[in-house]
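S.K.: please find the sequence and the predicted model below.
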Amino acid sequence: MVSLVSQSKKALQRGQQLCSVTSDLSQQSSQIALDVLNLDSRVRWITEGVIEQLKLAANIAKGLEAHQNQLALQRAEWETSRTEQSNALDMILDGLSEEHIPPEFYQPALEGAHAIFGFINDKGEPEPVEEEPDEDDHHWSHRSLNGLQNGVLSKKKQRRKWKTLRDFIDEKGIEETYESIEETCSSMDDILATSAEYSTALLQQITSVKGSLPSLSDPIVVAPILGDQDGMVHEMAAHLEALATHYSQVESALTTDDDGEELSEEDIEVLISDTQKLPSVVEEMEGCVSTVRALHERLKHLKTTLLELLANQEAVLGTLEELGDNMTAMLDEQAQLEGSLEPLKEELEMHLETLSTLRTTYQDYQSSYHHLILELERRRTWSREIAAEVERMREILMNYLTEEIRQRDIFTSLHGNSLPHDLCLSIGNLPTQYDVIATLQEAGSTRLQVEPEDIPPIPEDIVEEVGSMRT
C-alpha cells in the first residue's frame, strides 16, 4: 500500500508540474494572442480579423445594453412594489385620519389623571396633550355630547376639532422613511444614468471604424488556437483532478490499514488497477503539454510574421486602440458601478420591508383601537348593570334600617320610661347603618374606598360604526 501511495504521489507531482508549465504557456499564449490581434489590426485593418474584433466589441456593447435594460427592469419592478406598499400605507393613514377620537381619550379630566391616549416623554411619563384654543371648543363632557345629540352644535363640525388616530403616530418617522427611500432611488438612478449610454457610444465607435476600413481578405484568426489550447487545459485539469482523487483514495486506504482495518480484496484490486494506469495518464498530459507548446510556438510565429508586415500600417492603429481602451474603461467602470448598486439594492429591499412593517403596525393600531372602543362600551354596560344592582341593594338596606329604627322606637315608647336611666345605656343607640361602596383591593388584605370607575364617554354612532366594522 505504501508503494501505491508513492507511485500515486509521484504521478500527482508530475501532473502538477505539467499543469504549471501549461498554465505559464497558456498565459503567455493569451498575451501573445492579444499582441497578434493588435498587430493584425494594424497590418490588416480591413480584414475579417478586425471585423471579428469589432463584432466582439459589438457583442460586448449589446451585452452592456441588455444588462442595463435588466437593471432598469429590476428598478421598475421595485418601483412598482414601492408604489403598491406606499399606496397601501397611505390608505391606512388616510383611514386613521378619518377616525376621530373623543377628547376624553387624550384630555385628563382631573389634575394628575392620565388619559387613555397620551404622549410619553423620555422618562416614560405621560405628557399633557396641548389643544389649540378655540372659543367653541371647550372640554367635552357628557353634557357637551348630549348637546351634540340634541342638535345644538353640528356634530361633524365639532368632530373636525377632535384629534384623530393619525395624530398619535410617528409622522416624522414616516416622513424620514420616505425621504430615505427617495435618496436611495435618486442614488440608484444616478448610477444607472451614468452607464446608460455606454453601449450606444461603443456601437458608434465600431460603426466609425468599419466605415474607414479598406477591403482586404484572409485575416489571421487566433480563436481556434486559443480554443484548442483551452481544450488541452481543460483536459489536463480533468487528468489532474483524477490524479488528486486517486492519491486521496490510496492515502485514505493507507490510513485505514494503519488503523488496523482491513480493506477488501476488491478495493485493493481497484486501487492497484488505477495505479497501473497512472503512467498512461501522465503520458497523455505530456502530450497535452506538447500540443499547448506547439500552439504557443504557432502564435509566436504569427506574431513574428505580423511584426515583419507592420511597416506601413500605423495609420489607423490609433482608432482601434482608442476603441479597445474605451471598451476596457467602460467595462471597468461598469463593474465598479454594479458594485455600488449592490448595497443600494439591499437598501431598497429593506425599504420595502420597512413600508410593509409600517402598514402592518398601523393596521394593528387601528384594529386595536376598534377593540378598545368595544371594550370600553362593554365596561360601561357592566358598570351600569352593577350600579343598578348596588342601588337596589341600598334600597333593601335602607328598608331594613328604617324598619329597625321603627322597632326600636316602639320598644323605647313602651318600656323606656320604666327602666332606670343608668341601666344598659346602649339600649338607646341607633342601629348600625350599612352601605355598598366601591373599593380597590391593594396588596395584602387592605381595601381602599374609591370612586366608581370613570369610563370616557363614546358617542353611540362611533360604537355602532366600530361594531359593524368588526362583524
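M.R.: Noted; the coordinates are in hand.
S.K.: next, give phi and psi for residue 459.
M.R.: Phi and psi for residue 459, reported as degrees, to the nearest 10, are phi -60, psi 140.
S.K.: distance of it from residue 166?
M.R.: 19 Å (Cβ to Cβ, to the nearest Å). C-beta coordinates here come from the backbone N, C-alpha and C atoms, glycine included.
S.K.: comparing those two, which shows the higher neighbour count?
M.R.: residue 166 (19 against 15; other Cβ atoms under 10 Å).
S.K.: would you put the C-alpha positions of stretch 59-78 in PDB?
M.R.: These are the backbone C-alpha positions of stretch 59-78, laid out as PDB (Å, rounded to 0.1, in the frame of the first residue of the first chain):
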ATOM      1  CA  ASN A  59     -21.500  41.900 -28.700                       C
ATOM      2  CA  ILE A  60     -20.000  43.400 -25.600                       C
ATOM      3  CA  ALA A  61     -21.900  46.600 -26.300                       C
ATOM      4  CA  LYS A  62     -25.100  44.700 -26.800                       C
ATOM      5  CA  GLY A  63     -24.400  42.800 -23.600                       C
ATOM      6  CA  LEU A  64     -23.900  46.100 -21.800                       C
ATOM      7  CA  GLU A  65     -27.200  47.300 -23.200                       C
ATOM      8  CA  ALA A  66     -29.000  44.100 -22.300                       C
ATOM      9  CA  HIS A  67     -27.600  44.200 -18.800                       C
ATOM     10  CA  GLN A  68     -28.600  47.900 -18.500                       C
ATOM     11  CA  ASN A  69     -32.100  47.000 -19.600                       C
ATOM     12  CA  GLN A  70     -32.200  44.300 -17.000                       C
ATOM     13  CA  LEU A  71     -31.200  46.700 -14.300                       C
ATOM     14  CA  ALA A  72     -33.800  49.200 -15.500                       C
ATOM     15  CA  LEU A  73     -36.400  46.400 -15.400                       C
ATOM     16  CA  GLN A  74     -35.500  45.500 -11.800                       C
ATOM     17  CA  ARG A  75     -35.600  49.100 -10.900                       C
ATOM     18  CA  ALA A  76     -39.100  49.500 -12.500                       C
ATOM     19  CA  GLU A  77     -40.300  46.300 -10.700                       C
ATOM     20  CA  TRP A  78     -39.100  47.600  -7.400                       C
END
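S.K.: would you mind checking the average pLDDT for that stretch?
M.R.: In this model, stretch 59-78 has a mean pLDDT of 85.
S.K.: residue 176: neighbouring residues, count only.
M.R.: Neighbour count of residue 176, defined by other Cβ under 10 Å: 11.
S.K.: element containing it, please.
M.R.: helix 171-194 (DSSP states H and E).
S.K.: element containing residue 351?
M.R.: Residue-wise, residue 351 maps onto helix 317-415 under DSSP H and E.
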